[in-house]
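Enquirer: Structure of the sequence below:
(one chain, ligands or ions: 1)
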Amino acid sequence: MGYRVAVVGATGNVGREMLNILAERQFPVDEIVVLASRRSLGSEVSFGERTLKTTDLDTFDFTGWDMALFAIGSDATKIYAPKAAAAGCVVIDNSSLYRYDPDIPLIVPEVNPQAVHGYAKKNIIANPNCSTAQMVVALKPLHDRATIKRVVVSTYQSVSGSGTKGIDELWDQTKSIYNPTDNKPPRTFTKQIAFNVIPHIDVFLDSGETKEEWKMVAETKKIIDTKIKVTATCVRVPVFVGHSEAINIEFEDFLDEDEARDILRESPGIMVIDKREDGGYVTPVECVGDFATFISRIRQDSTIDNGLNLWCVSDNLRKGAALNAVQIAELLGREVLKKG
Ligand code: 2RA
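Expert: Have a look, this model is predicted:
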């Protein structure tokens, strides 16, 4: 006995990855439906060996469906998620719409699985921002051992975080630099992204942070511990898939780099590749398609009493979005719905 599962936004990058990962992890599906907007109606998407045709989200009745993995923007989610939740279908939402609602759990299963029991308040569970998900997987085991006081993180985020348009823009701009043409591809980013980096993701806030930076602060506090101080600089880089992060951590207690490495090696969802030699670390191109959060460059920060630096890389479409959502579905099934 398995679950009746809907994937909402099945034709987008994250929606397609959700289907791939549901199949790869052999999630116990009794029935699956792939929902999309009218303009994508009839589009075909892969689910393992099967090819599915999309159904119209606007007229779909979620009654009798166990869970719906949402991968559509906040505006559309605001319309359809409440409909699904009211019909008794648990929504696992990848947009930012519900992440900061105190009545809705924000979950990274390796970090705060117990939060899944809070889903029933609104029948909705929120998936964190991609840049947050990989970071809290790395932080949690170290926090349990030595209590984190402060985190300073700089991100190097791939263009796929901004969607298909970002991928197309990097590709088109790179080609046009080598083969100049008159047609100017449409701009997604505010400045050239090819052979450049842009210290701006999402909108600017009055504080001078960008909303992406604010998300990392707010979500880390909600998922791990509100007492942790976080400051972030989020940067877009000319990489297609894979977010990287340089993370500096200050602890309450001293944590030796070797002990930190051993702890991370034994922690769920983490792959430590950390040799102090040429190539002894992970780069984004090597993480694509993998489930793991990779950690490299683990080393003491000798400028403070209890400091540590590390390098964190993960596939932003997988752990940063689709994989985490499927892991929440697995957690929900295992701990709450208990079919399958
Ligand atoms: C980005 N984290 O990378 C944001 C949304 N996925 O663009």
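
Enquirer: Quick one: neighbours of residue 45, just the number.
Expert: The local packing of residue 45 (other C-beta atoms under 10 Å) involves 21 other residues. C-beta coordinates here come from the backbone N, C-alpha and C atoms, glycine included.

Enquirer: for it, helix, strand, or coil?
Expert: strand (DSSP: H, G, I helix; E, B strand; the rest coil).

Enquirer: I figured it was touching residue 15, is that so?
Expert: Yes. Between residue 45 and residue 15 there is a contact at 7.5 Å, judged by C-beta atoms under 8 Å.

Enquirer: any residues in contact with both of the two?
Expert: When C-beta atoms under 8 Å, 6 or more residues apart in numbering defines a contact, the residues bordering residue 45 and residue 15 alike are residue 34.

Enquirer: who's in contact with stretch 272-284?
Expert: Residues from elsewhere that reach stretch 272-284, judged by C-beta under 8 Å, 6+ apart: 156, 158, 239, 241-244, 261, 264-265, 271, 294-298, 311, 313.

Enquirer: hmm, which helix or strand of this protein has the shakiest average pLDDT?
Expert: None of the helices or strands of the chain scores lower by mean pLDDT, DSSP states H and E than helix 164-178, at a mean of 93.

Enquirer: can you list the residues that contact the next helix or strand along the chain from it?
Expert: Next in sequence after helix 164-178, counting helices and strands by DSSP states H and E, comes helix 211-223. Here helix 211-223 makes contact (C-beta under 8 Å, 6+ apart) with 96, 99-100, 106-108, 111-112, 128-129, 131-132, 135-136, 139, 151, 153, 155, 157, 201-205, 207, 209, 227-228, 230-234.

Enquirer: Buried members of those into PyMOL, please.
Expert: Provided next is the PyMOL selection string for whichever of the contacts of helix 211-223 are buried by 16 or more other C-beta atoms under 10 Å:
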select buried, resi 96+99+106+107+108+111+112+128+129+131+132+135+136+139+151+153+155+157+201+202+209+228+230+232+233+234
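
Enquirer: So which of the contacts of stretch 272-284 sit within helices?
Expert: 261, 264-265 (DSSP state H).

Enquirer: What residue, apart from its backbone neighbours, is nearest the residue of the stretch 1-150 of the chain found nearest the ligand spatially?
Expert: As assessed by C-beta to the nearest ligand atom, the ligand sits closest to residue 130 within the stretch 1-150 of the chain, at 4.5 Å. Closest residue to residue 130 apart from its sequence neighbours, by C-beta to C-beta, 6 or more residues apart in numbering: residue 320 at 2.7 Å.

Enquirer: did I read that right, residue 31 in a strand?
Expert: Yes. Looking at residue 31 with three-state DSSP, it is inside a strand.

Enquirer: number of nearby residues for it?
Expert: Neighbour count for residue 31, taken as other C-beta under 10 Å: 12.

Enquirer: Need the three-state assignment for the residue nearest to it when sequence neighbours are not counted.
Expert: Leaving aside its chain neighbours, residue 31 sits nearest to residue 4 (4.6 Å; criterion: C-beta to C-beta, 6+ apart). Of the three states, residue 4 takes strand according to three-state DSSP.

Enquirer: Contact partners for residue 4?
Expert: Taking C-beta under 8 Å, 6+ apart as the criterion, residue 4 is in contact with 29-33, 64-66.

Enquirer: Need the max-distance pair from those.
Expert: Farthest apart among the contacts of residue 4 by C-beta to C-beta are 29 and 64. That separation is 14.5 Å.

Enquirer: if you count what's nearby, which of those two comes out ahead?
Expert: residue 29 (17 against 10).

Enquirer: The more buried one contacts residue 7, doesn't it?
Expert: No. Residue 29 is beyond contact range of residue 7, at 10.2 Å (criterion: C-beta under 8 Å).

Enquirer: so what sits against both of those two?
Expert: Shared contacts of residue 29 and residue 7, defined by C-beta under 8 Å, 6+ apart, are found at residue 22.

Enquirer: Which positions in the stretch 51-200 of the chain make contact with the ligand?
Expert: The stretch 51-200 of the chain comes close to the ligand at residues 129-131, 157, 161-162, as judged by C-beta under 6 Å from any ligand atom.

Enquirer: List only buried entries from the ones in helices among the contacts of stretch 272-284.
Expert: 261, 264.

Enquirer: Can you tell me which of the ones in helices among the contacts of stretch 272-284 is nearest residue 184?
Expert: Distance to residue 184, by C-beta to C-beta, is smallest for residue 264 among the ones in helices among the contacts of stretch 272-284, at 45.2 Å.

Enquirer: ok, the closest one - contacts?
Expert: So residue 264 contacts 138, 141-142, 270, 272, 295, 298, 310 (C-beta under 8 Å, 6+ apart).

Enquirer: a markdown table for the residues you listed, including distance to residue 192, neighbour count and pLDDT?
Expert: Shown next, in a markdown table, are those (distance: C-beta to C-beta, whole Å; neighbours: other C-beta atoms under 10 Å; pLDDT from 0 to 100):
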| residue | distance to residue 192 | neighbour count | pLDDT |
| --- | --- | --- | --- |
| 138 | 31 | 28 | 98 |
| 141 | 39 | 20 | 98 |
| 142 | 37 | 22 | 98 |
| 270 | 35 | 21 | 98 |
| 272 | 35 | 22 | 98 |
| 295 | 31 | 27 | 98 |
| 298 | 34 | 22 | 98 |
| 310 | 30 | 24 | 98 |
